[in-house]
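# below is the structure, and that's it, no one-letter string:
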């Protein structure tokens, strides 16, 4: 417990907003997936930190982190499957090619 | 641990039983016995609608994580009814040669999203809420991308799954700060320890943004039009009514249960998003030619009207919310059933121009479509008028009269674009009018149910008072 909680929270906030930034600037579907994964991981860090520093004694935050990891894995599996399907249809996973549906 | 508790969650257990039967049938049945698959699923889902309605008492399970009461049970039954309509309308699509071998997958995925929605609206703990939301949105992504060989479907699927992951990450980030400041994830305890710190307001905004993605309110609506247009039509119908309805109901419960001490903050957020959703979606809807895309914008503006019911968070708000949802469900399902029939007739996405001279060849379908569009627009004799009236009344009594005024102005705009289709059907001439459409019996039954609903729901006042007697609020 030598690291102050603020540092860890700043780490998770930075990770989260790198994910947000990546989601809006990257142009490759897998990069987008990685960005959202970073956001979900930042959330997991947040829960673990809050549990360890602010509310020690029970395990709700850790359990939430565990479920978060599991659900993120399931989401990634589905997203990868859909991205592979996009690749089969469009022969590319660049966002520029996904222009059948637009305003 | 008392395992008998699992069997007290009657709607979920019934749904899981039906889910397993369908799953096993899909594995075992071969050859000619597959022909009764669709009717079997319809019957089982209809049984689910009745079975969920049974137990109306109020109780909590698992130390308060799961709550059930009369209005939640009613809501679950309503969602199953919507799923039944979707399954009935999907017959033609699911039994064509492209998707016939994936028939079982469609039902199983659809029912698993329904399980997720059941848990969403019953959850009284953020972990259960989170699992429910994910269970409701992950299979939906698979359903959106269901037509594997259609480019649009794949594109819509990837747009849906990435936005939904983004939204849930944002929502979870908000929940993590709520946990950090209160030290609990139970709704009741959290509300008791809520102090209105700035970080909690930040968490409220993050949570609202995450749910706003699922409801497709305006600043968070960018996935909606694309996903709705690209998805198979039955799935679009499911997305636009059932998934949205469950999300609005969940948002209502969370706002009133957890964020009760911050009512003025979330009232402001809702007012802003409602005005933005209704206005922006109406203006975008006018110029859409593709009918599914048009219905996507229409559903964004309807989501805005639905959110009017959440303002104030009173019990009357919940009544008008559930009532609006029933009325919206029957009207929207009728429109989507007709769009689907037209799509099968022309073999391409339906445009507004395809409806030119529709009255000459298909007077009955034109009549139902007109009723449904009038109900969506809110023209008096039909149910849509009354549902809009109750929603406006709730927002007005909560003091948001400017929002009500803007929403009323927008009703006129929405009337214009709904009437464009009616005008195309009755007045415009077409060089190549559509042939007479012969719908399959399932679509006919579901259209009959929808028509009866549109006409009767506005007349039978006992439905509204029945919901009113079981609703809860702040």
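Yep, that arrived. Fair warning: this is a prediction, and the values are worked out from it, not measured in the lab.

# what's the burial count for the closest residue to residue B:436 other than its chain neighbours?
Leaving aside its sequence neighbours, residue B:436 sits nearest to residue B:361 (C-beta to C-beta, 6 or more residues apart in numbering or on different chains; 5.1 Å). For glycine as for every other residue, the C-beta is placed from the backbone atoms N, C-alpha and C. Neighbourhood size, residue B:361 [other C-beta atoms under 10 Å in any protein chain shown]: 15.

# wait, a helix at residue B:409?
Yes - assigned with DSSP: H, G, I helix; E, B strand; the rest coil, residue B:409 falls within a helix.

# so how far is residue A:102 from it?
Using C-beta to C-beta, to the nearest Å, one obtains 29 Å as the distance from residue B:409 to residue A:102.

# with neighbour numbers in mind, choose between those two.
Per other C-beta under 10 Å, whichever of residue B:409 and residue A:102 has more neighbours is residue B:409, with 12 against 9.

# got the confidence number for the residue nearest to residue B:436?
Per-residue confidence at residue B:361 stands at 84 (pLDDT).

# got the contact list for it?
Neighbouring residues of residue B:361 by C-beta atoms under 8 Å, 6 or more residues apart in numbering or on different chains: B:433-437.

# residue B:146 too?
B:99, B:102, B:106, B:109, B:153, B:231-232, B:235.

# are any of those residues buried, and if so which?
The neighbour-count test (16 or more other C-beta atoms under 10 Å in any protein chain shown) marks B:99, B:106, B:109, B:153, B:231-232, B:235 as buried among these.

# now for those residues: which two are most distant?
Farthest-apart pair in the buried ones among the contacts of residue B:146 is B:109 and B:153; separation 13.9 Å (C-beta to C-beta).

# any idea how far the most centrally placed residue in chain A is from residue B:156?
Geometric centre of chain A, nearest residue: residue A:37, 2.2 Å, by C-alpha atoms, centre = their mean. Distance of residue A:37 to residue B:156, computed by C-beta to C-beta: 22 Å.

# what does the stretch 101-250 of chain B put close to chain A?
B:126-127, B:130-131, B:134, B:138, B:141-142, B:145, B:148-152, B:154-159, B:161-162, B:165-166, B:168-170, B:172-173, B:176-177, B:179-180, B:183-185, B:225-226, B:229-230 (C-beta under 8 Å from any C-beta of the partner chain).

# buried ones in the helix or strand of chain B with the lowest mean pLDDT?
Lowest by mean pLDDT, DSSP states H and E among the helices and strands of chain B is helix B:461-470, with a mean of 80. For helix B:461-470, the neighbour count (16+ other C-beta under 10 Å) marks B:463-464, B:467-468, B:470 as buried.

# how about stretch B:446-461?
B:446-447, B:449-451, B:453-455, B:457-458.

# quick one: residues in contact with it.
Residues contacting stretch B:446-461 (C-beta under 8 Å, 6+ apart): B:85, B:88-89, B:326-327, B:329-331, B:333-334, B:337-338, B:365, B:368, B:371-372, B:375, B:381-387, B:439, B:463.

# how about the longest helix along chain A, does it reach chain B?
The longest helix of chain A (DSSP state H) is helix A:60-90. Yes - counting by C-beta under 8 Å from any C-beta, chain B is contacted by helix A:60-90 at A:60-61, A:63-64, A:67-68, A:71, A:74-75, A:78-79, A:81-83, A:85-86, A:88-90.

# the most far-flung residue of chain B relative to its centre and chain A: what is the separation?
Relative to the mean C-alpha coordinate of chain B, counting by C-alpha atoms, centre = their mean, the farthest residue is residue B:431 (36.8 Å). To chain A, residue B:431 is 27 Å away according to C-beta to the nearest C-beta, to the nearest Å.

# try residue B:196
Distance, residue B:196 to chain A, by C-beta to the nearest C-beta: 18 Å.

# likewise for residue B:231?
The value you get for residue B:231 to chain A, if C-beta to the nearest C-beta is used, is 10 Å.

# which regions of the chain sit below the pLDDT cut-off?
Defaulting to chain A. Applying pLDDT under 70 to chain A picks out residues A:1, A:103.

# that answer is for a different chain, and I need it for chain B
B:1.

# so how far is the least confident helix or strand of chain B off the chain centroid?
Chain-centre distance of helix B:461-470: 21 Å, with C-alpha atoms, centre = their mean, to the nearest Å.

# circling back to that earlier point, and the contacts of stretch B:446-461, which are buried?
Looks like the contacts of stretch B:446-461 have B:85, B:88-89, B:326-327, B:329-331, B:333-334, B:337-338, B:365, B:368, B:371-372, B:375, B:382-387, B:439, B:463 buried, using 16+ other C-beta under 10 Å.

# in helices, which of the buried ones among the contacts of residue B:146 fall?
Going by DSSP H, the helices hold B:106, B:109, B:153, B:235 from these.

# just those residues now: which is nearest residue A:53?
For these, the closest approach to residue A:53 (C-beta to C-beta) belongs to residue B:109, at 40.7 Å.

# how about the contacts made by the closest one?
By C-beta under 8 Å, 6+ apart, the contact list for residue B:109 reads B:139-140, B:142-143, B:146.

# could you report the neighbour count for the closest residue to it other than its chain neighbours?
Distances taken as C-beta to C-beta, 6+ apart put residue B:139 closest to residue B:109, at 4.2 Å, once the chain neighbours are dropped. Residues within reach of residue B:139, counting by other C-beta under 10 Å, total 21.

# wait, isn't residue B:139 in contact with residue B:113?
Yes - under the criterion of C-beta atoms under 8 Å, residue B:139 makes contact with residue B:113 at 4.7 Å.

# measure the closest residue to residue B:149 other than its chain neighbours to residue B:148 for me?
Distances taken as C-beta to C-beta, 6+ apart place residue B:98 nearest to residue B:149, at 6.9 Å, with adjacent residues excluded. Look at residue B:98 and residue B:148: by C-beta to C-beta, they are 9 Å apart.

# what packs against whichever strand or helix holds residue B:295?
Using DSSP states H and E, residue B:295 maps to helix B:291-308. Counting contacts by 3 or more C-beta pairs under 8 Å, 6 or more residues apart in numbering or on different chains; DSSP states H and E, helix B:291-308 is packed against helix B:198-215, helix B:222-230, helix B:233-238, helix B:244-257, helix B:263-286, helix B:315-346, helix B:383-397, helix B:401-426.

# report the contact partners of residue B:139.
B:109-110, B:112-113, B:116.

# next, the angle helix B:198-215 makes with the helix or strand where it lies.
Assessed by DSSP H and E, residue B:139 sits inside helix B:126-144. Put simply, helix B:126-144 runs at 30 degrees to helix B:198-215, going by axes from the mean of the first three to the mean of the last three C-alpha atoms, to 10 degrees.

# what residues of helix B:126-144 count as buried?
B:126-144.

# show me how far that helix is from its chain's centre.
14 Å.

# perfect, I'm done here.
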